[in-house]
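Chemist: sharing a sequence plus its predicted fold:
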Amino acid sequence: MTTGAMLATGALTAAPAQAVTAPTITAKGGFLMNGATGATLFAKSADTKRLTASTTKIMTAKVVLSQSNLNLDTKVTIRKEVSDYMVAKGYPSTANLIVGDKVTVRQLLHGMLLKSGCDAAMALADKFGSGSTVNARVKSFIGKMNTTAKNLGMKNTHFDSFDGISNGSNHSTPRDLTKLARSAMKNSTFKTVVKTKSYTAKTITKTGSVRTMAPWKNTNLLLGWNGTLGVKTGSGTEAKYCLVFAATKNGESVIGAVLTAPSEAKRTEDVKKLINYGYARIS
């Protein structure tokens with residue numbers, strides 16, 4: 001076959017994909033990529049820095065899961081500082097962890113990624129940061145988050161917290177968060193956790209008895225819709241409604257993010273539009 005014929009054939013096969021009309025979304029920023037190839041399928045203000053809210057916890061999990069010789073069954077004792085932090089921040093989203101309880105790393109990941117527990121996020125940051133105080137360890141952990149962002153080519157991202165409660169300079173973009181999600185979803189533990197709809201943890205109390213926690217329900221209500229496998233919701237007064245998502249259907253994989261949607265319902269509509277559009281573009 002001649003080069004001209006090959007080009008002609010390519011143009012013919014590409015034409016139907018180009019004919020799909022790009023959706024209009026209400027979120028201020030959005031991005032969608034082909035999960036298999038990384039090719040861009042949709043972009044709206046994809047490189048504009050915005051607040052990320054709890055989608056930040058994807059990076060917290062990524063840093064934890066990249067630790068060498070990680071044992072997911074390692075027990076972490078919940079410190080009083082975790083409770084103090086939750087009080088100081090006005091009781092943000094919580095996994096309802098109890099001071100003195102021993103909770104495994106695996107359980108903390110579920111509490112952080114399903115229930116969006118800021119307490120679980122802090123316990124992990126304290127465990128996997130380095131230093132002689134909780135503050136030092138947390139600061140060290142956030143440093144690891146930023147190093148990982150740089151290594152992933154997340155050029156417009158900076159973290160100043162482990163849970164997305166910004167201290168003035170916690171921001172990312174739809175494109176950067178999609179890059180992060182694509183990387184995180186390659187980890188089997190992460191992928192398993194974020195697609196879990198409900199998880200019941202059994203922790204060990206100070207006295208050594210077993211405490212059965214109330215089930216942690218996943219805040220991502222899109223799970224299971226049209227092949228949706230994750231990834232993480234986020235919401236806040238300024239951040240509005242955010243969602244980093246991944247979906248696979250009939251071997252076609254899409255990953256994306258929407259930031260600053262006006263409501264939870266609009267966020268859901270936006271993501272559904274993007275997932276359907278992505279499948280149509282790929283097929």
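Modeler: Arrived safely, thanks for sending.
Chemist: what packs against the helix or strand hosting residue 144?
Modeler: For residue 144, the host element (DSSP states H and E) is helix 134-151. Using 3 or more C-beta pairs under 8 Å, 6 or more residues apart in numbering; DSSP states H and E as the contact test, the elements touching helix 134-151 are helix 57-65, helix 118-128. The way it works is simple: take the backbone N, C-alpha and C, and place the C-beta from them, glycine included.
Chemist: find the nearest non-adjacent residue to the residue positioned nearest the centre of the chain, please.
Modeler: Closest residue to the average C-alpha location of the chain: residue 58 at 3.4 Å, with C-alpha atoms, centre = their mean. Leaving aside its chain neighbours, residue 58 sits nearest to residue 232 (5.1 Å; criterion: C-beta to C-beta, 6 or more residues apart in numbering).
Chemist: need the per-residue pLDDT for the one you found.
Modeler: Confidence at residue 232, expressed as pLDDT, is 98.
Chemist: wait, a strand at it?
Modeler: Yes - per DSSP: H, G, I helix; E, B strand; the rest coil, residue 232 lies within a strand segment.
Chemist: burial measure for it, as a count.
Modeler: Using other C-beta atoms under 10 Å, residue 232 is surrounded by 32 other residues.
Chemist: any idea how far it lies from residue 255?
Modeler: Computed with C-beta to C-beta, to the nearest Å, the distance linking residue 232 and residue 255 is 12 Å.
Chemist: now do the shared contacts for these two.
Modeler: residue 181 (C-beta atoms under 8 Å, 6 or more residues apart in numbering).
Chemist: and residue 43, what does it touch?
Modeler: Here residue 43 is in contact with 30, 31, 32, 174, 175 (criterion: C-beta under 8 Å, 6+ apart).
Chemist: look up phi and psi at the third one.
Modeler: Spelled out, it's residue 32. Backbone torsions for residue 32, taken as degrees, to the nearest 10, come to phi -140, psi 130.
Chemist: in the sheet, who's paired with it?
Modeler: Counting by DSSP bridges, residue 32 forms beta bridges with residue 42, residue 256.
Chemist: pretty sure the residue nearest to the centre of the chain is touching residue 184, no?
Modeler: Yes - if you go by C-beta atoms under 8 Å, residue 58 and residue 184 touch, sitting 5.5 Å apart.
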